[in-house]
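**Student:** please work out how this folds:
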Amino acid sequence: MKKRNWKKLVGTVCAAAMAASMAGCGNSGSGTEQSESKSDDGITITFAEHVADIETQEPHMMKIIDAFEKSHPGIKVDISGKEVSEHNTQMTLLAGEDKLPDIFWLEQAPAKEFAQNGYLYDLTDVLKDYGINDSLLPGLVNSCTVDGRDYGMPSEVMMVGFFYNKDLFAQAGIDKAPVTYEEFTDAVDKLNAAGITPLTVGAKDNYSIWAFETMLARYGFFEKLDGLLDGSISWNNEDFIHFFEKAEEMRENDTFTKDISNMGYFEAKEQFLGGNAAMFNSGAWDIGEFESSDMASKIGFFWGPTFSDSEYEQEIGIKASGGVYVISAKAAKDPELLDAIMQFWQFYYGPEGTKIIAEDTSALPCSTYDGSIDQKEHPVLGTMIEALNDDWKAVTEPFNSLSSTVAYGFFDATFGVMNGVYTPEEAADYVEGLQSAER
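**Tutor:** I've put the predicted structure just below:
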């Protein structure tokens, strides 16, 4: 069986083995006796995730927690999860009540806001002390910073775009994934002619807009960002209008699922995995579920269409850290609890946790990995690794450069155009109104 060497693919050298045992104390200067006494005390770490069904949606986390608890007697990780929008709301409420869990997931924009409000622990020093920065892929170090200080650890490799069903493409006479917008439109026409739904998108969940963020970046989002923030550039500019026009043209061309306004992200994924749609807008977090499906060998991936009416760089893809794991400032006030928390993250990002993520759950780890991936057994993972290491320039997610209000406003505006609620100009004006209120 053909195998790919992970280390060569990610273009990084595996970090040296950590000097401290993962089963012992962290590299923070706390000694073995202290670690053993903590274990005898039976420390429990509370952990809030952003998925409702952790065992199904994040099997690597459950396996890592189980392995960690076995190797660290006396330290327990009490994990719970809710769907992302409900999770976000709950974390905001708990922050106001000073009842945040010890560790939890946040999107980067709210994480920065939480940090500025004093809710999060400054990780800058402990990430170095416990060797976590040495383990991370180079592009994922400093995943969430405020005023040059680290407040988050990467929860996933954020790779987003369009997954596609190779068999449905072939059925419609499409011999390769589209690159340009013109090729994308031609593929949509062929799929519609064959009676196949081209693209399934869940508009009920406004966060499921990932591939369209990459399109916005191709219309100069990052080049315009400073101007958007200081008011010298409006969201209602020619380039962004072109972006919204493309979303409108896609709607008019019957690109999307007929019932897009009544479908959420999970329903859209079910439609794709059921063979009832040719393309699905998602990211690397779905690799494990795709790998376990009956159509794993049929799934391909591409970055989404490039645009000839834009002067900005087109061969770009979001290859960065997604959401982040954070530690509450309150939990960090207890030195023993903080050390237990950091031992967990040391294990998670170290060799043991990384091996579980890569080999047992077919996901992209955030840390360097010196093993091999069997492409016959893990075709989707192999496809994503190839995309991760292609020549297209890596960019971050636009969402992470905006406030939560403006970012979600952009999501709502884009889906508004895709649903026919907004014109391109109205969508741009809507986001501009939210942005201007923050200047």
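
**Student:** show me what the helix or strand hosting Arg251 is packed against.
**Tutor:** Per DSSP states H and E: Arg251 is located in helix 238-252. Packing contacts for helix 238-252, counted by 3 or more C-beta pairs under 8 Å, 6 or more residues apart in numbering; DSSP states H and E, involve helix 181-193, helix 210-217, helix 404-418, helix 424-436. Backbone N, C-alpha and C define where each C-beta goes, glycine included.

**Student:** run the last query once more with 7 Å
**Tutor:** Packing partners of helix 238-252 (3 or more C-beta pairs under 7 Å, 6 or more residues apart in numbering; DSSP states H and E): helix 210-217, helix 404-418, helix 424-436.

**Student:** now the next helix or strand after that helix: how far from the chain's centre is it?
**Tutor:** The helix or strand immediately downstream of helix 238-252 is helix 265-273, counting by DSSP H and E. Centroid separation between helix 265-273 and its chain, computed with C-alpha atoms, centre = their mean, to the nearest Å, is 18 Å.

**Student:** mind pulling the model confidence for Ala3?
**Tutor:** That one is not Ala; residue 3 is Lys. On pLDDT, Lys3 comes in at 34.

**Student:** what does Glu315 give?
**Tutor:** Note for Glu315: predicted pLDDT of 98.

**Student:** kindly report the same for Lys7.
**Tutor:** Here the pLDDT value assigned to Lys7 is 37.

**Student:** can you give me the angle the helix holding Arg251 makes with helix 181-193?
**Tutor:** For helix 238-252 against helix 181-193, the angle by axes from the mean of the first three to the mean of the last three C-alpha atoms, to 10 degrees is 10 degrees.

**Student:** of all the helices and strands packed on helix 238-252, which one comes closest to Asp189?
**Tutor:** helix 404-418 (18.1 Å; C-beta to C-beta).

**Student:** now do the closest one and helix 238-252, the angle between them.
**Tutor:** Going by the same axes, to 10 degrees, helix 404-418 makes 50 degrees with helix 238-252.

**Student:** what ranges does the stretch 1-150 of the chain have for its strands?
**Tutor:** For the stretch 1-150 of the chain, the strands defined by DSSP state E, counting those that start in this stretch occupy 3-5, 43-49, 75-81, 103-106, 144-146, 149-154.

**Student:** I'd like the helices and strands packed on helix 238-252 laid out as a markdown table, including distance to Asp254 and mean neighbour count.
**Tutor:** As requested, the helices and strands packed on helix 238-252 are exported to a markdown table (distance: least, C-beta to C-beta, whole Å; neighbours: other C-beta atoms under 10 Å):
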| stretch | distance to Asp254 | mean neighbour count |
| --- | --- | --- |
| helix 210-217 | 17 | 23 |
| helix 404-418 | 12 | 22 |
| helix 424-436 | 18 | 19 |
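
**Student:** could I get these as CSV with mean pLDDT?
**Tutor:** Output for the helices and strands packed on helix 238-252, formatted as CSV (pLDDT from 0 to 100):
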stretch, mean pLDDT
helix 210-217, 97
helix 404-418, 96
helix 424-436, 98
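
**Student:** can you add distance to Asp259 and give those helices back as a markdown table?
**Tutor:** Converted to a markdown table, the helices and strands packed on helix 238-252 look like this (distance: least, C-beta to C-beta, whole Å):
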| stretch | distance to Asp259 |
| --- | --- |
| helix 210-217 | 19 |
| helix 404-418 | 13 |
| helix 424-436 | 21 |
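
**Student:** now for these, which one comes closest to Ile356?
**Tutor:** Ranking those by distance to Ile356, with C-beta to C-beta as the measure, places helix 210-217 first at 25.3 Å.

**Student:** any idea which strand is longest in this protein?
**Tutor:** Counting residues, the longest strand found in the chain (DSSP state E) is strand 157-165.

**Student:** list the buried ones in it?
**Tutor:** 157-165 (16 or more other C-beta atoms under 10 Å).

**Student:** and what of stretch 229-241?
**Tutor:** By neighbour count on 16+ other C-beta under 10 Å, the buried set for stretch 229-241 is 229, 233-237, 239-241.

**Student:** sorry, back to before: which residues touch the longest strand of the chain?
**Tutor:** Contacts with strand 157-165, where a contact means C-beta atoms under 7 Å, 6 or more residues apart in numbering, come from 177, 210-211, 214, 272, 275, 278-284, 295, 298-304, 317-322, 364, 366, 384, 387-388, 397.

**Student:** can you give me the helices in the stretch 1-150 of the chain?
**Tutor:** For the stretch 1-150 of the chain, helices defined by DSSP state H, counting those that start in this stretch occupy the ranges 6-10, 32-41, 54-57, 59-71, 84-96, 108-116, 124-129, 132-135.

**Student:** save these as TSV, and put in mean neighbour count too.
**Tutor:** Formatted as TSV, the helices of the stretch 1-150 of the chain follow (neighbours: other C-beta atoms under 10 Å):
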stretch	mean neighbour count
helix 6-10	17
helix 32-41	14
helix 54-57	15
helix 59-71	18
helix 84-96	16
helix 108-116	22
helix 124-129	17
helix 132-135	22
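
**Student:** out of those, flag the one nearest Lys376.
**Tutor:** When those are compared by C-beta to C-beta, helix 6-10 sits nearest Lys376, at 15.8 Å.

**Student:** so how far is stretch 234-249 from its chain's centroid?
**Tutor:** On the basis of C-alpha atoms, centre = their mean, stretch 234-249 is displaced by 25 Å from the centre of the chain it belongs to.

**Student:** let me fix that, I meant to ask about stretch 243-250.
**Tutor:** Chain-centre distance of stretch 243-250: 24 Å, with C-alpha atoms, centre = their mean.

**Student:** now it: average pLDDT?
**Tutor:** In this model, stretch 243-250 has an average pLDDT of 98.

**Student:** how about whichever strand or helix holds Met342: buried residues?
**Tutor:** In this structure, Met342 sits in helix 335-349 according to DSSP H and E. Neighbour counts over helix 335-349 (16+ other C-beta under 10 Å) mark 337-349 as buried.

**Student:** how about CSV for those, with pLDDT added?
**Tutor:** Shown next, in CSV, are the buried residues of helix 335-349 (pLDDT from 0 to 100):
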residue, pLDDT
Leu337, 97
Leu338, 98
Asp339, 98
Ala340, 98
Ile341, 98
Met342, 98
Gln343, 98
Phe344, 98
Trp345, 98
Gln346, 98
Phe347, 98
Tyr348, 98
Tyr349, 97
